[in-house]
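**Q** Pasting a predicted model and its sequence here:
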Amino acid sequence: MNEINPYKYITTEHANNLPTVRIHRISIKNLKNTQNGVIEFACSKSFIPYDTQSDILGIYGQNGSGKTTMIQALRIIKDLLSGKAVDPNYSKLITIGENKASIEVVFDFQYPDEQIRSVVYSFDLTKEKNPSYVENQNYINDGNILNTPKYYLRILNEKVQASGLIDGKETRLQAFITYNLETGYGPTNKLPLLFASQKNDVMNKLAVIGNIAFKESKSSIFNTDLFGLLSEKTECSDYFLILQELMLFATYYLFVVDSFGNGFIRLNFALPVYTEKGAIFINPDYPTLYPKDYFEAAKKDIESVSLVLSTIIPDMELIIHNPIETKDKNGKDAISFELYSKRGDIEMPIGYEADGVRKIIMFLKLITSAFNQKSTTIAIDELDAGVFEYLLGEILELFQEHGKGQFIFTSHNLRPLEVLDKKFICFTTANPSNRYIRMKGVGHSNNLRSLYFRNIIMADKQDEVLYKNEKKYKILGAFKHCLASCEETDG
């Protein structure tokens, strides 16, 4: 099909009056080790004026209790709302023994005139065996060994609901577009508001769009081809504007970094510097090739990261070394450059810096964007890995007091419990049917870190057990049993 502008009705005037979008609540079912889990954000607890300040969510809990699962759910949400295909590796997230998983996310749309709309997006996930998969067989593509996915992830039963002032009427929460693989698009009474015609040719096009999206692991609703049909209607309903606003938010203002989908810095073959325009993948040890058309923008992003970095790590800055015009493997114009760190007179390739420093460099541009822009939401898994705990606390405390956007993170480091308001902290539990809770009995004078430890040890006061505690003598016994087994083997 021809190239389609998915934001046809986002005019210049409308663009200046876009809503601030905030995640209000996320619900997940049968995703990894979470049978059921619901997180409500602090912004959902009271009326949010348009010019709202920062909203933070720190997720804490023991290993394997659902922290990363929530970030991975956000990654799937972002990809679907952006019109992208979901990585087939995410099919592994569906709980073993279950046919499908479910995700629902509630957004608050806050407009400049203080109007607020609630928008709900929900869908199911299932997996389908790849007929081309051969057990224990890899294939080589352009010199790289790639794994053929065993399963494809499929998106089912999509639904978008909205409430608020819509098309001049105060409207209760109701579905205004749905997609089901068997019945197609609905609901029937809303289709005339969205499509210029319901004739056979249009319905046939809709059937094709839905089937292709299903096979490509994409959303059948947040889809540029569907938006092309929606834009044929002369009078644009607020419902279509809501879809465009949500896609715009996910594409340009929602950033999710998880170790499962993004590779993280543990691989060490590339350092992703995350920016509003996407990740700049820096080779830490050798020159990086970057498209010439985008190099100047990338350079500015690196310079802005360097500016903030120098205040966090005194006297440290980032330097672009040896930019040279060249061609990439496809013959397109590119710039070859190296990224160095500089402290005083000492310069060295970024690959020689500590993991914690590289971690900060990775995320600094995103954190800066969320700090300054109320429409930006960032979600980062394992934010604390390799980062000095006092510095981590300072960054989060500054974001809480002066930031504007929404910041979601997981962490094992407990320093943030001492600096963040209790409303910004959520804890995982040992109960897979009720994975996420807020801690009860926290007074203004309580140290949340100390209270968390006390609840782990005493296992009281809370509605759920926060930590499945194995007594030390059991762990000791296991260690000794292992030692005895090793000695028998040696003997």
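**A** Thanks, I have it.

**Q** By residue count, what's the longest strand in this structure?
**A** Counting by DSSP state E, the longest strand found in the chain is strand 151-166.

**Q** In that strand, which residues are buried?
**A** Neighbour counts using 16 or more other CB atoms under 10 Å place 151-162, 164, 166 of strand 151-166 among the buried residues. In this view, the C-beta of every residue, glycine as well, is placed from N, C-alpha and C.

**Q** Where do the helices of this protein begin and end?
**A** Applying DSSP state H to the chain gives helices spanning 12-15, 67-81, 191-194, 200-215, 224-230, 238-252, 259-262, 292-312, 355-372, 389-402, 416-419, 448-458, 472-490.

**Q** okay, those, which one's buried deepest?
**A** The highest mean neighbour count among these, using mean count of other CB atoms under 10 Å, belongs to helix 67-81: a mean of 24.

**Q** Please put the alpha-carbon coordinates of that one into CSV.
**A** Presented in CSV, the C-alpha positions along helix 67-81 are these (Å, rounded to 0.1, in the frame of the first residue of the first chain):
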residue,chain,number,x,y,z
LYS,A,67,9.3,-6.7,38.6
THR,A,68,10.8,-7.2,35.1
THR,A,69,7.5,-8.7,34.0
MET,A,70,5.8,-5.3,34.4
ILE,A,71,8.5,-3.6,32.3
GLN,A,72,8.2,-6.3,29.6
ALA,A,73,4.4,-5.7,29.5
LEU,A,74,5.1,-2.0,28.9
ARG,A,75,7.5,-2.9,26.1
ILE,A,76,4.7,-4.9,24.4
ILE,A,77,2.3,-2.1,24.9
LYS,A,78,4.7,0.4,23.3
ASP,A,79,5.3,-1.7,20.3
LEU,A,80,1.7,-2.4,19.6
LEU,A,81,0.6,1.2,20.1
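
**Q** quick check: mean pLDDT across that helix?
**A** Mean pLDDT, helix 67-81: 95.

**Q** heads up, I number from 554, so please use that
**A** Okay, residue one is now 554; in that scheme the one you just asked about reads as helix 620-634.

**Q** Glu947: what's it in contact with?
**A** Contact partners of Glu947, counting by CB atoms under 8 Å, 6 or more residues apart in numbering, are Val972.

**Q** Could you list everything Thr963 pairs with in the sheet?
**A** Ile612 (DSSP bridges).

**Q** burial count for the residue nearest to Pro641 when sequence neighbours are not counted?
**A** Residue nearest to Pro641 in three dimensions, not counting chain neighbours: Pro702, with 3.8 Å by CB to CB, 6 or more residues apart in numbering. Residues near Pro702, counting by other CB atoms under 10 Å, number 17.

**Q** Please look at Pro702 and Val639 and confirm they touch.
**A** No: when contacts are counted by CB atoms under 8 Å, Pro702 is not listed as touching Val639 (11.4 Å).

**Q** Against Arg628, how distant is the residue nearest to Pro641?
**A** Going from Pro702 to Arg628 by CB to CB, to the nearest Å gives 17 Å.

**Q** now do Phe793
**A** Using CB to CB, Phe793 is found at 26 Å from Arg628.

**Q** What of Glu735?
**A** In terms of CB to CB, Glu735 sits 28 Å off from Arg628.

**Q** what ranges of the protein fall below the confidence cut-off?
**A** 554-558, 562, 564-569, 597-605, 688-700, 812-823, 829-830, 939, 993-1044 (pLDDT under 70).

**Q** Mind checking which residue lies nearest the centre of it?
**A** Nearest to the mean C-alpha position of the chain, counting by CA atoms, centre = their mean, stands Val809 at 2.8 Å.

**Q** can you pull the contacts of it?
**A** Applying CB under 8 Å, 6+ apart, the residues near Val809 are 624, 627-628, 631, 931-932.

**Q** who does Thr981 bridge with?
**A** The partner residues for Thr981, given DSSP bridges, come to Tyr989.

**Q** isn't Ile913 right next to Ser863, touching?
**A** No: counting by CB under 8 Å, Ile913 stays clear of Ser863, with 11.7 Å between them.

**Q** Quick check: neighbours shared by the two?
**A** Joint contacts of Ile913 and Ser863 (CB under 8 Å, 6+ apart) do not exist.

**Q** re the thing from before, ok, the residue nearest to Pro641 to Tyr686 distance?
**A** Distance of Pro702 to Tyr686, computed by CB to CB: 7 Å.

**Q** what residues do the two have in common as contacts?
**A** Between them, Pro702 and Tyr686 share no contacting residue under CB under 8 Å, 6+ apart.

**Q** Just give me the neighbour total for Ile576.
**A** Neighbour count for Ile576, taken as other CB under 10 Å: 24.

**Q** let me redo that: Ser986
**A** 11.

**Q** For it, list the residues it contacts.
**A** 588-589.

**Q** Pull up the gap between it and Asn589, please.
**A** Ser986 is 5 Å from Asn589, by CB to CB.

**Q** before we move on, what about Asp791?
**A** Asp791 sits 33 Å away from Asn589, going by CB to CB.

**Q** again with Asp868
**A** Asp868 is 50 Å from Asn589, where distance means CB to CB.

**Q** more crowded one of those two?
**A** Asn589 (16 against 9).

**Q** ok, that one - contacts?
**A** Taking CB under 8 Å, 6+ apart, we find Asn589 in contact with 580-582, 985-988.

**Q** filter those to the buried ones?
**A** Neighbour-count burial (16+ other CB under 10 Å) is assigned, among the contacts of Asn589, to 580-582, 985, 987-988.

**Q** Can you tell me which of these is nearest Ile978?
**A** The nearest member of the buried ones among the contacts of Asn589 to Ile978, counting by CB to CB, is Arg988 at 14.9 Å.

**Q** ok, that closest one touching Gly590?
**A** Yes: Arg988 is within contact range of Gly590, at 3.4 Å (criterion: CB under 8 Å).

**Q** Overlap in contacts, the two.
**A** In contact with both Arg988 and Gly590: 619, 622, using CB under 8 Å, 6+ apart.

**Q** Burial check on Gly617, number of neighbours?
**A** Using other CB under 10 Å, Gly617 has 12 neighbouring residues.

**Q** residues contacting the closest residue to it other than its chain neighbours?
**A** The shortest distance from Gly617 to any non-neighbouring residue, by CB to CB, 6+ apart, is to Asn586 (6.2 Å). When contacts are counted by CB under 8 Å, 6+ apart, Asn586 touches 617-619, 622, 648, 985.

**Q** about what we covered before: pairing partners for the residue nearest to the centre of the chain in the sheet, please.
**A** Taking DSSP bridges as the rule, Val809 bridges to Ala932.

**Q** That one and Ile629, how far apart?
**A** 9 Å.

**Q** And for Phe594?
**A** Note on Phe594: its distance to Ile629, by CB to CB, is 18 Å.
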